[in-house]
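Any chance you could fold what I've pasted below:
(one chain, ligands or ions: 3)
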Amino acid sequence: MTSPIVPSLMASKRWLLLCLLLPLPFFAVPSNPGRVIRLDLTHVDARGPLAGAGRVRRAADRSHRRVNGLLAAATPPSAPTLRSDGGGAGAATAAAAVHASTATYLVDLAIGTPPLALTAVLDTGSDLIWTQCDAPCRRCFPQPAPLYAPARSATYANVSCGSKLCEALPLTPRSSRCSAPEPGCAYYYSYGDGSSTGGVLATDAFTFGSAATVHGLAFGCGTDNLGGTDNSSGLVGMGRGPLSLVSQLGVTRFSYCFTPFNDTTTSSPLFLSSSARLSPAAKSTPFLPNPAGPRRGSYYYLSLEGITVGDTLLPIGGVPGHRGGLIIDSGTTFTALEERALVVLARAVAARVALPLATGAHLGLSLCFAAPDGRGPEAVGVPRLVLHFDGADMELPRTSVVVEDRVAGVACLGMVSARGMSVLGSMQQQNMHILYDIERGVLSFEPANCGEV
Ligand SMILES: *[C@@H]1O[C@H](CO)[C@@H](O)[C@H](O)[C@H]1NC(C)=O
Ligand SMILES: *[C@@H]1O[C@H](CO)[C@@H](O)[C@H](O)[C@H]1NC(C)=O
Ligand SMILES: *[C@@H]1O[C@H](CO)[C@@H](O)[C@H](O)[C@H]1NC(C)=O
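Ligands and ions are numbered 1, 2, ... in the order given. Okay, here's the model as predicted:
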């Protein structure tokens, strides 16, 4: 789009820079084919004070909140949306599209010139990249690092209202996005757990991993933010929407490999572009189209056709949930199964484990066994569990199925129930190298020792 370039911007010395930078991000992935772009993901709890039962409890609570957020965001636009028609400035007047929330993995990156280090939540369930912004900040939650300030970055640029990037913002009435006299592109994202961010869309240079710098990435410069309790300063969306990191970079694929839930010291690798590679033995299943429509929701949907427990294929039938499939997600720890499906699964598991049932209420989990002296998942004797995706079977190792509270002497099925959708959580993806092939529209996976990938 050529049209409304704001006069004040034209006058600015940055105009030339803006011209140079704006078209770049779409093909600006460092193109040296041999180059490995690897980011290290840290589990939110690895930097937190909790261990043992407290950690399980927190992960279960977070999984519930996360699934509720995913569900809220997937609700079709015809349903009532949060709206505040205050007639005030910018972001506050926008109808709030709700996005998923409460993610689980953190990534370290840097923004601006000179680069300012920041820790952000990595989220495969939403698209926008944003950070808290001192422009100045009207409302910022506490963060461990100094605030990013546009005025201190030589490569910062505003995104104009008429630009493609601005139009890529979801379902916000254009009138409020581009309301005079504010020349910028206002955004407002509300996440399902009550957290939110608002500000203007801007571009700047981002540095990922060891020295892969990408210029002109669009991000939300958030000057009105709520939530954020995981020591992060913002979020990096990896979803299917046009503003996500992967969409902006135009990468054809990415992969990650989550180290086990009980390992709080080894980070999990994420690979971008040609660095993301699996062996020929990897299995693949197609992504389903987004049932909520292309402009809504950013999720990666898969078709889960059944679950085998032991030798029995459970009569879960078709796709659990009514919204088109199971979402594979990095931000949910414990897999959430549609209520009816979880009941069938839990019965089948309970029938095959010889240990007495125990309460897991203190952990927020529903199927638990008395497992004194913390004998480990193998000794609990949990049956083989296979998820049957369209064209690919995923056999879960027992260590990805059972979570333990050794102090209380209980071992639980690491899954929770949900209403309206199912989500494959990160615990059930652990020690599996998972590749999102965006170009071919398939998800591939193979077992791996993620600490050594
Ligand atoms: C935030 O990070 C600090 C320092 O790394 C740590 O002591 C604290 O427990 C963390 N807080 C949370 C909620 O993770
Ligand atoms: C971006 O927009 C804001 C608000 O309109 C303005 O104050 C600032 O100077 C602009 N920054 C640049 C780099 O153009
Ligand atoms: C995690 O659990 C597995 C399986 O029980 C066990 O072999 C491993 O030692 C545990 N790791 C840590 C760091 O506790």
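
Looking at this protein, which helix is longest?
Longest helix in the chain, counting residues (DSSP state H): helix 52-74.

how distant is that helix from the center of its chain?
13 Å (C-alpha atoms, centre = their mean, to the nearest Å).

Show me what counts as buried in it.
By 16 or more other C-beta atoms under 10 Å, the buried positions in helix 52-74 come out as 53, 55-60, 62-74. For glycine as for every other residue, the C-beta is placed from the backbone atoms N, C-alpha and C.

swap in stretch 187-199?
Here stretch 187-199 shows 187-193, 195-199 as buried, counting by 16+ other C-beta under 10 Å.

cool, stretch 204-219 as well?
Judged by neighbour count using 16+ other C-beta under 10 Å, the buried positions of stretch 204-219 are 204-209, 212, 214-219.

Go through the residues you listed and name the one nearest ligand 3.
Distance to ligand 3, by C-beta to the nearest ligand atom, is smallest for residue 209 among the buried residues of stretch 204-219, at 25.2 Å.

now for the longest helix of the chain, which elements pack on it?
Packing partners of helix 52-74 (3 or more C-beta pairs under 8 Å, 6 or more residues apart in numbering; DSSP states H and E): strand 98-99, strand 335-338, strand 402-405, strand 415-418, strand 422-424.

Just grab the bridge partners of residue 328 for me.
According to DSSP bridges, the residues that bridge with residue 328 are residue 300, residue 424.

What number of residues are in the vicinity of residue 225?
Residue 225 has 25 neighbouring residues, counting by other C-beta atoms under 10 Å.

Packing partners of the one helix or strand it maps to?
Assigned by DSSP states H and E, residue 225 belongs to strand 212-226. Applying 3+ C-beta pairs under 8 Å, 6+ apart, one finds that strand 212-226 makes contact with strand 130-132, strand 196-208, strand 234-237, helix 245-249.

what angle sits between it and strand 196-208?
160 degrees (axes from the mean of the first three to the mean of the last three C-alpha atoms, to 10 degrees).

circling back: state the pair within the buried residues of stretch 204-219 that is farthest apart.
Farthest apart among these by C-beta to C-beta are 209 and 218. That separation is 19.8 Å.

Alpha carbons only: can I get the longest helix of the chain in CSV?
Taking Å, rounded to 0.1, in the frame of the first residue of the first chain, the C-alpha atoms of helix 52-74 are listed here in CSV:
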residue,chain,number,x,y,z
GLY,A,52,7.5,-30.7,43.2
ALA,A,53,3.8,-30.7,43.9
GLY,A,54,3.7,-26.9,43.7
ARG,A,55,5.0,-27.0,40.2
VAL,A,56,2.5,-29.7,39.1
ARG,A,57,-0.3,-27.7,40.6
ARG,A,58,0.8,-24.5,38.9
ALA,A,59,1.1,-26.4,35.6
ALA,A,60,-2.4,-27.8,35.9
ASP,A,61,-3.9,-24.5,36.8
ARG,A,62,-2.1,-22.9,33.9
SER,A,63,-3.2,-25.6,31.5
HIS,A,64,-6.8,-24.9,32.5
ARG,A,65,-6.4,-21.2,32.0
ARG,A,66,-4.7,-21.7,28.8
VAL,A,67,-7.3,-24.0,27.3
ASN,A,68,-10.0,-21.5,28.4
GLY,A,69,-8.1,-18.8,26.6
LEU,A,70,-7.7,-20.9,23.5
LEU,A,71,-11.4,-21.7,23.6
ALA,A,72,-12.4,-18.1,24.0
ALA,A,73,-10.3,-17.1,21.1
ALA,A,74,-11.7,-19.8,18.9
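
if we can go back for a sec, including distance to residue 46 and mean pLDDT, could the helices and strands packed on strand 212-226 go into CSV?
Listed next are those as CSV, based on distance: least, C-beta to C-beta, whole Å; pLDDT from 0 to 100:
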stretch, distance to residue 46, mean pLDDT
strand 130-132, 21, 96
strand 196-208, 20, 93
strand 234-237, 18, 92
helix 245-249, 22, 92
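
Residue in the stretch 351-453 of the chain with the shortest distance to ligand 1?
residue 426 (17.0 Å).

you'd agree that residue is up against residue 400?
No: applying C-beta atoms under 8 Å, one finds residue 426 not in contact with residue 400, separated by 9.7 Å.

Between the two, point out the one with more neighbours.
Higher neighbour count among residue 426 and residue 400: residue 426, with 28 against 24, using other C-beta under 10 Å.

The more buried one: what's it in contact with?
104-105, 258, 261, 329-333 (C-beta atoms under 8 Å, 6 or more residues apart in numbering).

redo that, cut-off 7 Å
Residue 426 makes contact with 104, 258, 330, 332-333 under the criterion C-beta atoms under 7 Å, 6 or more residues apart in numbering.

Likewise for residue 393?
Here residue 393 is in contact with 283, 386 (criterion: C-beta under 7 Å, 6+ apart).

closest to ligand 3 out of the helices and strands packed on strand 212-226?
It is, among the helices and strands packed on strand 212-226 and with distance given as C-beta to the nearest ligand atom, strand 234-237, at 27.0 Å.

Now do that closest one: which elements does it pack against?
Applying 3 or more C-beta pairs under 7 Å, 6 or more residues apart in numbering; DSSP states H and E, one finds that strand 234-237 contacts strand 116-123, strand 130-132.

what's the closest of the ones you listed to residue 285?
strand 116-123 (21.7 Å).

could you check whether that closest one is close to ligand 1?
No: judged by C-beta under 6 Å from any ligand atom, strand 116-123 and ligand 1 are separated, with a smallest distance of 9.1 Å.

Which two among the contacts of residue 426 are spaced furthest apart?
So, the contacts of residue 426 by C-beta to C-beta: farthest apart are 258 and 332, at 11.8 Å.

With neighbour numbers in mind, choose between those two.
residue 332 (33 against 29).

Would you confirm that the more buried one contacts residue 68?
No: if you go by C-beta atoms under 7 Å, residue 332 and residue 68 don't touch, sitting 10.6 Å apart.

Roughly how far does the nearest residue to residue 230 once chain neighbours are set aside sit from ligand 1?
Leaving aside its sequence neighbours, residue 230 sits nearest to residue 44 (C-beta to C-beta, 6 or more residues apart in numbering; 4.5 Å). For residue 44, the distance to ligand 1 equals 6 Å [C-beta to the nearest ligand atom, to the nearest Å].

Contact partners for residue 44?
Residues near residue 44 by C-beta under 7 Å, 6+ apart: 104, 106, 230.

Repeat the analysis, applying 8 Å as the threshold.
Listed by C-beta under 8 Å, 6+ apart, the contact partners of residue 44 are 103-106, 121, 230-231.

Great, nothing more from me.
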